[in-house]
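Chemist: Fold the stuff below for me.
(chains A and B)
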Amino acid sequence: MSILFLRLTIAFYSVGLVHSFLTIITRKKTLFRVALFGIYSGLCCHALSIFFAWRETQHLPVTNVHEAFSFFAFVIVLAFLLTYARYRLESLSIFVFPLVFILTLAANLISTPSSPQPEAFHSPLFYIHIPATFLGYAAFFLAFAAGIMYLIQEKELKRKRPQAFYYRLPSLEICDDLGYRSLSIGFPLLTIGIVAGSIWASRAWGKYWGWDPKMVWSFMTWLIYAILIHYRLSAGLRGRRAAWMSIVGFLFVLITFVGTRIQGTAHPFIRNMQ
Amino acid sequence: MNLVLVGANHKSAPVEVRERLYFPESLLPKALQELTTLYRFEEGMILSTCNRVEVLVHGLQSNDAVQRARDFLCGFHQLKMDQIQNHLYDFTQVDVVRHIFRVASSLDSMVLGEPQILGQVKSAFQTAQAVGTVAQHLNALLNRAFSVAKRVRNETAIASSAVSVSYAAVELAKKIFNELSGKTVLILGAGKMSELAARHLTSSGISHVLVWNRTYQRALEMARVFKGEAIPPEELFRHIERADIIISSTGSPSYILNRADGERIIHLRKTRPVFIIDIAVPRDVDPEINRVNNIFLYDIDDLRNVVDANLKQRQKEAVHAEEIVKEEVTAYMNQVRTLDATPTIVSLRRHWETVFKEELEKNRRHMGALSAEQESALQNLTNSLLNKILHGPTAELKQLSQDPARADQIEAIKRMLGLKDR
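Modeler: Below is the predicted model of the structure:
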């Protein structure tokens, strides 16, 4: 059942993906209604897919690669729609939907049946750790997209010869504001996620912190964003440099999320401890 | 439907001709009434702007409608035909529909996509409505034209970018700051040019104006105009970091702002961006300043380049817009033609109903008294006969109405049966 809905999800997201690009290329705003239809329908199917997976496994379905990708795609779409409600930025969708599409497609292709997990996964801390971390990552992704849009638009303005992007991307202030807001939401979420994770670890395995690669990279990611936030608040860091830092920060997120995952389960150390 | 449009625009006629054809607003009611009385048109409206004068009419007698509309233009303005003949264009039928759709969508404007024309067409239509010279045909046409214009605006980006230097500056400012409300503009050099540019910015929401000039008196005067603040000549660098936008047009022979100034300003502003518009010749601001992070410098040529790029964008968008117009013209014509056949179909049915009724009454006395059941059976019989007889002709008329080349066949059928539309 879960897989069936995931297949439907990818179909709807493809509609969203194609029409997002068509909207930006042709600048016909009416086309974006079709894209939004695809996105909303996709999100509903996606929610159902996760719901059924949850019922089957009896815990939040994020314990293998397939589930994690699907869940991450889900929170990104959620974050995009929240942003869209505030900023009405169609252009953001051309960054969001390729990633969402790839994640959902990967989830479709490598769908492995989820095995029941040990007791530890029923802890309420698990339900804080995962959603908070994932939402934090989604917010950092939006900051990353905002950073790229900022750099492109800045280049157009400095070059003084308006080209395709000048007409299609939002103003510098909007990009900067979006980047800043995403950070100021994403950073507390990541912090909560890490803290909840370590308390959970101490309850389940008796120690707060194990130096497995994922934890190291998570910590470095956290550090980068901490520095960025610090300079934003204290020294008024903004614009180009802030945009670059958001981009670098998200590369760390990618390494944490995908790079370490290739080695095995969500946290390799969980496997070792069992 | 029998539409005719005669007119002149910025392409067909020079201003000396257009001004003679112009209808002042006060004379429009009189002109409209002349159209429908003296010149015997059934419906009419007049669009008169500084770039175009157009007379749009609908009338039953078609053969001399174009000539009558031209006569009206000459007659009303007391001109001789040979004075204006070469500057007038005329359209009939489907070409009128296309032309009106294009005009309302601003595809026929001097500045492609400019937004005023739609309002002008609307007010011309409202005037004609008030005078009572528009009815079924022009109502339908104009309302459709308004929705086409709306579609063009929504589905293309034809009107989305600035095509004058001043608006290009405003547009660039918005690409940097997004919202101009709450922002501060500093005017360096209180001249005509800078005043004009500042006026565009303030009408776009800039809330605070600072004026600096070599002679303090002039700065004070201009500050009063914008309800702003004058900066004493020697205090420029104490205030300059307050400005989000700087418009410079002093008569200074050398640069008054260089790269080092720019770096200091950005430092004082905690890296908040500055948009500098240098409209002075010779330039006031060292072009090197554009290399400073978060400073965006545009001189007059840069602004012109933006305008050129925007015009090219509009031309690209106009191609999409023309496609929309083409599509809408076809849709509208199909609708109108089916509408045109409707009166004929209705009167055909009435004609046969009357024939049936008369024959029925004539023969009733031979039948004696009828029961209610017999009465309704008789009614059913006539109805179903009527439907069977009319089925073929109705379908055929609808078919015919889709093809303008066969319009005369409808006329022939009408004559044959002695039908009238009304």
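
Chemist: what's near enough to touch the residue of the stretch 101-250 of chain A found nearest chain B?
Modeler: Nearest residue of the stretch 101-250 of chain A to chain B, counting by Cβ to the nearest Cβ: A:G236, 3.4 Å away. In this view, the C-beta of every residue, glycine as well, is placed from N, C-alpha and C. By Cβ atoms under 8 Å, 6 or more residues apart in numbering or on different chains, A:G236 lies in contact with B:K270, B:T271, B:R272.

Chemist: again, but for B:N290
Modeler: A:K158, B:F296, B:L297.

Chemist: Helix, strand or coil: sort out the residue of the stretch 101-250 of chain A closest to chain B for me.
Modeler: Counting by DSSP: H, G, I helix; E, B strand; the rest coil, the backbone at A:G236 sits in coil.

Chemist: Ramachandran angles for it?
Modeler: Here is the backbone geometry of A:G236 (degrees, to the nearest 10): phi 60, psi 30.

Chemist: do the same with B:S204
Modeler: Backbone geometry at B:S204, expressed as degrees, to the nearest 10, gives phi -100, psi 10.

Chemist: That one and B:E179 touch, don't they?
Modeler: No: counting by Cβ atoms under 8 Å, B:S204 sits too far from B:E179 to count as a contact (9.7 Å).

Chemist: Neighbour count: these two, which is higher?
Modeler: Ranked by neighbour count (other Cβ atoms under 10 Å in any protein chain shown), B:S204 and B:E179 place B:S204 first, with 17 against 13.

Chemist: what residues are up against the more buried one?
Modeler: Counting by Cβ under 8 Å, 6+ apart, B:S204 touches B:V170, B:A173, B:K174, B:L180.

Chemist: Spell out which helix or strand contains residue 55, please.
Modeler: Using chain A. Counting by DSSP states H and E, the element that carries A:R55 is helix A:31-57.

Chemist: hmm, I had chain B in mind actually
Modeler: strand B:52-58.

Chemist: Now the element after that strand, going C-ward?
Modeler: Sequence order places helix B:65-77 as the next helix or strand after strand B:52-58, per DSSP H and E.

Chemist: what about that next one, average pLDDT?
Modeler: Computed over helix B:65-77, the mean pLDDT rounds to 88.

Chemist: buried stuff in the helix or strand just after it?
Modeler: Later in the chain than helix B:65-77, the nearest helix or strand by DSSP H and E is helix B:81-84. Residues B:I84 are the ones in helix B:81-84 that count as buried (16 or more other Cβ atoms under 10 Å in any protein chain shown).

Chemist: just checking, what packs against helix B:81-84?
Modeler: Helix B:81-84 is packed against helix B:15-21, helix B:65-77, with contacts defined by 3 or more Cβ pairs under 8 Å, 6 or more residues apart in numbering or on different chains; DSSP states H and E.

Chemist: Which among the contacts of A:G236 count as buried?
Modeler: For the contacts of A:G236, a burial check counting by 16+ other Cβ under 10 Å picks out B:T271, B:R272.

Chemist: In helices, which of the contacts of A:G236 fall?
Modeler: Assignment to helices by DSSP state H places none of these there.

Chemist: among the contacts of A:G236, which are in strands?
Modeler: Using DSSP state E, the subset of the contacts of A:G236 located in strands is empty.

Chemist: any low-confidence regions in the stretch 201-350 of chain B?
Modeler: Counting by pLDDT under 70, the ranges of the stretch 201-350 of chain B that qualify are B:339.

Chemist: can you give me the helices for it?
Modeler: Ranges of helices within the stretch 201-350 of chain B are B:216-225, B:236-239, B:259-268, B:300-364, based on DSSP state H, counting those that start in this stretch.

Chemist: for the first one, packing partners?
Modeler: With contacts defined as 3+ Cβ pairs under 8 Å, 6+ apart, helix B:216-225 has these neighbours: strand B:208-212, strand B:229-231.

Chemist: Most neighbours among the contacts of B:S204, which one is it?
Modeler: Result: B:A173 is most packed of the contacts of B:S204 (other Cβ under 10 Å), 26 neighbours.

Chemist: so who does it touch?
Modeler: By Cβ under 8 Å, 6+ apart, the contact list for B:A173 reads B:L180, B:K183, B:L201, B:S204, B:I245, B:F275.

Chemist: List phi and psi for the first one.
Modeler: Dihedral pair for B:L180: phi -100, psi -10, per degrees, to the nearest 10.

Chemist: picking that back up, and of the helices and strands packed on helix B:216-225, who's closest to chain A?
Modeler: That would be, of the helices and strands packed on helix B:216-225 and by Cβ to the nearest Cβ, strand B:208-212, which comes in at 17.2 Å.

Chemist: Can you tell me the SS state at B:S160?
Modeler: Assigned by three-state DSSP, the conformation of B:S160 is coil.

Chemist: That one contacts A:R168, correct?
Modeler: No: look at B:S160 against A:R168 with Cβ under 8 Å: they stay out of range, at 10.5 Å.

Chemist: any residues in contact with both of these two?
Modeler: By Cβ under 8 Å, 6+ apart, B:S160 and A:R168 have these common neighbours: A:R27.

Chemist: Neighbour count: those two, which is higher?
Modeler: Neighbour comparison, B:S160 and A:R168: the larger count goes to A:R168, with 19 against 15 (by other Cβ under 10 Å).

Chemist: Only alpha carbons, please: show stretch B:163-181 as CSV.
Modeler: Extracted in CSV, the C-alpha atoms of stretch B:163-181 (Å, rounded to 0.1, in the frame of the first residue of the first chain):
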residue,chain,number,x,y,z
VAL,B,163,10.7,50.6,-21.0
SER,B,164,11.8,54.1,-19.9
VAL,B,165,15.1,55.1,-18.3
SER,B,166,13.4,56.4,-15.2
TYR,B,167,11.3,53.3,-14.7
ALA,B,168,14.3,51.1,-15.4
ALA,B,169,15.9,52.7,-12.4
VAL,B,170,12.9,52.0,-10.3
GLU,B,171,12.8,48.4,-11.5
LEU,B,172,16.5,47.9,-10.7
ALA,B,173,16.0,49.4,-7.3
LYS,B,174,13.2,46.8,-6.8
LYS,B,175,15.4,44.0,-8.0
ILE,B,176,17.8,45.0,-5.2
PHE,B,177,15.6,46.1,-2.3
ASN,B,178,12.3,44.4,-3.3
GLU,B,179,10.2,47.0,-1.5
LEU,B,180,11.0,50.7,-1.7
SER,B,181,8.9,51.8,1.2
